[in-house]
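**Q** here are the coordinates; sequence isn't available:
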């Protein structure tokens with residue numbers, strides 16, 4: 001018919017692109033978009049901040065001790081006159097790196113155990129879920145403190161004060177956060193493995209490993225990604241808790257939690273010392289949680305948005 005134009009297949013694919021649809025769903029969650037921008041700004045600040053703000057983290061100026069925010073020291077100084085902004089930039093890289101690394105550990109362990117339990121039809125699956133429930137029943141913070149106390153000296157001797165503590169904190173936090181991921185992955189596997197496309201692949205002779213890698217796991221990644229974002233926030237809080245209790249990084253390594261620990265005795269005369277690192281932890285954790293909410297809305301195909 002005259003005047004009738006047909007859209008090309010490529011144009012249709014562009015309009016109905018899964019990535020575009022995911023972004024459309026995510027962008028409807030305004031708090032998630034704002035949180036993503038805030039987290040990006042925070043990451044850029046701790047990565048590129050040292051190239052802009054060149055104050056040394058260990059420069060001591062006793063005369064300037066506990067000064068409030070000023071042009072010379074935008075976030076003020078601590079009791080030794082050290083610049084809090086420089087120490088926050090340095091410590092932010094460690095705190096965020098701990099959160100990301102611990103998340104990767106927990107997601108890897110949880111995905112592996114959940115996949116094995118989901119594909120197993122016998123005692124292995126029940127045993128792995130029994131192990132998961134056992135770990136879930138353990139008190140996390142006392143166990144975390146005990147493991148840090150038992151192994152920190154040995155790892156410090158092997159990898160140095162900072163490297164040893166970083167490895168220990170990442171492994172311990174990640175090793176105690178995999179259980180929710182494992183249960184999510186198992187539930188997804190139990191559902192997806194009975195779908196028609198998996199049955200067709202099985203009928204065509206696909207091995208269990210190929211079924212998992214090519215068909216089941218890609219369709220189960222949505223809940224894993226959401227759980228991973230929540231694990232980042234939980235790991236940052238756990239590292240800050242350990243540092244605040246004096247069991248984290250050494251005193252000369254100014255993570256956000258360590259800054260709070262050092263500031264706790266000066267809250268009445270230097271509240272800015274605790275306000276800025278505490279605010280950074282708050283912004284990072286809340287932003288990551290809202291990003292997780294946005295990803296849940298974007299990746300859940302059952303939601304109509």
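**A** Done, it's in. Quantities reported herein were computed from a predicted structural model and do not represent experimental measurements.

**Q** right, and the helix or strand after the helix-or-strand element of the chain with minimal mean pLDDT?
**A** Using mean pLDDT, DSSP states H and E, helix 9-15 stands out as the lowest-scoring helix or strand of the chain, at a mean of 47. Downstream of helix 9-15, the first helix or strand assigned by DSSP states H and E is helix 18-27.

**Q** what helices or strands is that next one leaning on?
**A** Packing partners of helix 18-27 (3 or more C-beta pairs under 8 Å, 6 or more residues apart in numbering; DSSP states H and E): helix 30-52, helix 271-299. To be clear about C-beta, it is placed using only N, CA and C from the backbone, and glycine gets the same treatment.

**Q** below-threshold pLDDT in this protein: ranges please.
**A** 1-18, 300-305 (pLDDT under 70).

**Q** which residue is nearest the centroid of it?
**A** The central residue of the chain, meaning the one whose C-alpha is nearest the mean C-alpha position (C-alpha atoms, centre = their mean), is residue 232 at 1.6 Å.

**Q** what about that residue, helix or strand, and which?
**A** Secondary structure here is read from DSSP H and E; on that basis residue 232 sits in helix 221-244.

**Q** tell me what angle that helix forms with helix 18-27.
**A** Between the axis of helix 221-244 and that of helix 18-27 there is an angle of 50 degrees, by axes from the mean of the first three to the mean of the last three C-alpha atoms, to 10 degrees.

**Q** residues in contact with the next helix or strand after helix 221-244: which ones?
**A** The first helix or strand that comes after helix 221-244 along the chain, using DSSP H and E, is helix 256-263. Residues from elsewhere that reach helix 256-263, judged by C-beta atoms under 8 Å, 6 or more residues apart in numbering: 78-79, 84, 87-88, 91-92, 95, 236, 239-246, 248-249, 251, 254, 270, 273-274, 277-278, 280-281.

**Q** same thing with stretch 74-89?
**A** Residues outside stretch 74-89 that contact it (C-beta under 8 Å, 6+ apart): 45-46, 49-50, 53, 55-70, 73, 254, 256, 259, 262-263, 266, 270, 272-273, 276-277, 280.

**Q** now do the buried residues in that stretch.
**A** Going by neighbour count (16 or more other C-beta atoms under 10 Å), the buried part of stretch 74-89 is 75-78, 81-89.

**Q** again with stretch 251-260
**A** Buried positions in stretch 251-260, judged by neighbour count with 16+ other C-beta under 10 Å: 253-260.

**Q** same question for stretch 19-38.
**A** Neighbour-count burial for stretch 19-38 flags 25-26, 29, 32-33, 35-36, 38 (criterion: 16+ other C-beta under 10 Å).

**Q** which of the residues you listed lies closest to residue 197?
**A** residue 25 (23.2 Å; C-beta to C-beta).

**Q** would you confirm that that closest one contacts residue 296?
**A** No: with contact taken as C-beta atoms under 8 Å, residue 25 and residue 296 are classed as non-touching, separated by 9.8 Å.

**Q** ok and the helix or strand containing residue 95 relative to helix 271-299, angle-wise?
**A** Residue 95 belongs to helix 84-119 when elements are defined using DSSP H and E. Computed by the same axes, to 10 degrees, the angle separating helix 84-119 from helix 271-299 equals 30 degrees.

**Q** show me what counts as buried in the helix or strand just after helix 84-119.
**A** The first helix or strand that comes after helix 84-119 along the chain, using DSSP H and E, is helix 123-137. Of the residues in helix 123-137, those buried by neighbour count under the rule 16+ other C-beta under 10 Å are 125, 128-129, 132, 135.
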